[in-house]
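# Give the three-dimensional model of this entry:
(2 chains)
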Amino acid sequence: MSESSKETQDALDRADKEAWREREGWASPEEAELTLSGKDGANFEFIEAD
Amino acid sequence: MVTFSNVEAALDQLNQKTPALLASSLLIGGWCALIYYRALAKAENPDFPAPVPESAERLQSNDLDFTNVWSGDFFDALPDFVVYPPKGSPYLEIKGIRLGFAQAPEALDPEEAFKKSRKLRTQAGTKFAILDPVRLYRGKLALMQKGRGKANDPFHLQIAATYARFELAEGIKKHSIKPTESTKRRVENLKAEMKALAPELLKK
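Predicted coordinates for the structure are as follows:
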């Protein structure tokens, strides 16, 4: 796939996703607060680089 | 409800269902910023405090974006996770998270970015790669300058800038405590990346 085809496909996907996001994709402030506070139980460990 | 735990569960499930695809995928976008945010908050370094968002509205979206992979491969590998909405195109959803794919992301060469990515693991041991903070900063900045930025982009930009500086400072500290060829190379690489891609981050 050429670079321009990739960019066109990305633009189509982005437009579709933006429309979806507007319909239902944004987290509530309460969900965002859980994410920021770290109280949702999730944990990611960084793997040390060389 | 979608929080970080959904993201972690989605990554674990991707690792179970299609480990080879996940291993070559690079996570980009807002969730990278939120991962860096959590790292800054956890570090509690007064010189590099986690930025404070102006508003909790639209702070996070319920989708994960990947690059360095072809979306068609994921659709083929995960037929049971394809959602056919009444409006718009079919998409993949795992643990309440929509998966998105960019073949040519803003200001980014996917292959090079994958090589320079930061590697993490979930609590269940799933390894995954995320966009490095300097390229995240550059990408967000480019989107904002083109007028394609979203409400949370200034917050994400601030996180990326803070984390990039924090990472360099930690590297310098580690090298000063116990200098090795590896710690020296890491500091040099971090500085070179910042100088080449976002020299403003090297200024106070």
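
# mind checking the SS state of the residue minimising distance to the centre of chain B?
Closest residue to the average C-alpha location of chain B: residue B:32 at 2.5 Å, with C-alpha atoms, centre = their mean. When classified by DSSP: H, G, I helix; E, B strand; the rest coil, residue B:32 comes out as helix.

# Please, where are all the helices along chain A?
Using DSSP state H, the helices assigned to chain A run over residues A:3-20, A:29-37.

# okay if I get those helices as TSV plus mean pLDDT and mean neighbour count?
Just so you know, the C-beta spots here come from the backbone N, C-alpha and C atoms, and that holds for glycine as well. TSV is the format used below for those (pLDDT from 0 to 100; neighbours: other C-beta atoms under 10 Å in any protein chain shown):
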stretch	mean pLDDT	mean neighbour count
helix A:3-20	81	14
helix A:29-37	83	18
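
# what would those helices look like in TSV with distance to residue B:186?
Putting these into TSV (distance: least, C-beta to C-beta, whole Å) gives the following:
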stretch	distance to residue B:186
helix A:3-20	32
helix A:29-37	28
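
# Serialize those helices to TSV and add fields for distance to chain B.
What follows is the helices of chain A, written out as TSV (distance: least, C-beta to the nearest C-beta, whole Å):
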stretch	distance to chain B
helix A:3-20	4
helix A:29-37	4
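
# Quick one: closest of those to residue B:193.
helix A:3-20 (23.5 Å; C-beta to C-beta).

# So which elements touch the closest one?
strand B:91-94, strand B:97-101 (3 or more C-beta pairs under 8 Å, 6 or more residues apart in numbering or on different chains; DSSP states H and E).

# Report the angle between it and strand B:97-101.
If you take axes from the mean of the first three to the mean of the last three C-alpha atoms, to 10 degrees, helix A:3-20 sits at 160 degrees to strand B:97-101.

# With just CA atoms, put helix A:3-20 into CSV.
Output of helix A:3-20 as CSV, limited to C-alpha atoms (Å, rounded to 0.1, in the frame of the first residue of the first chain):
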residue,chain,number,x,y,z
GLU,A,3,1.9,6.2,1.6
SER,A,4,-0.9,8.2,0.1
SER,A,5,-3.3,5.2,0.2
LYS,A,6,-2.3,4.7,3.9
GLU,A,7,-3.0,8.3,4.7
THR,A,8,-6.4,8.1,2.9
GLN,A,9,-7.3,4.9,4.8
ASP,A,10,-6.2,6.5,8.0
ALA,A,11,-8.3,9.6,7.3
LEU,A,12,-11.4,7.4,6.7
ASP,A,13,-10.8,5.4,9.8
ARG,A,14,-10.2,8.6,11.8
ALA,A,15,-13.5,10.1,10.6
ASP,A,16,-15.4,7.0,11.4
LYS,A,17,-13.8,6.7,14.9
GLU,A,18,-14.4,10.4,15.7
ALA,A,19,-18.1,10.0,14.9
TRP,A,20,-18.2,6.9,17.1
